[in-house]
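Peer 1: structure for the following, please:
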Amino acid sequence: MDNRKLQIESGKVSLGIEFGSTRIKAVLIDQKATPLASGSYEWENQLVDGLWTYSLEEIHKGLQESY
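Peer 2: Model (predicted):
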């Protein structure tokens, strides 16, 4: 069996997620901080009622895509 799969199944990994201004990034690392997988999703903010923001739907979609 693949060592990465064993690490994931045993919970010996960490998932980092960054909600940046132009993209959402996700990185899965092992206990030695070696990247095992990564993904990203590009997005744009919107001006709503005078505030720059992101819709909740876009947040959910971007998180799912980057994961």
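Peer 1: and whichever strand or helix holds Gln7, what's buried?
Peer 2: Take DSSP states H and E as the rule and Gln7 turns out to sit in helix 3-9. For helix 3-9, burial by neighbour count (16 or more other Cβ atoms under 10 Å) applies to Gln7, Ile8. To be clear about C-beta, it is placed using only N, CA and C from the backbone, and glycine gets the same treatment.
Peer 1: partners of the helix or strand following it, with directions?
Peer 2: Once helix 3-9 ends, the next helix or strand along the chain (criterion: DSSP H and E) is strand 13-19. The strands beside strand 13-19 in its sheet (DSSP bridges) come out as strand 23-30 (antiparallel).
Peer 1: on that earlier part again, packing partners for the helix holding Gln7?
Peer 2: If you count contacts as 3 or more Cβ pairs under 8 Å, 6 or more residues apart in numbering; DSSP states H and E, helix 3-9 packs onto strand 23-30, strand 35-42.
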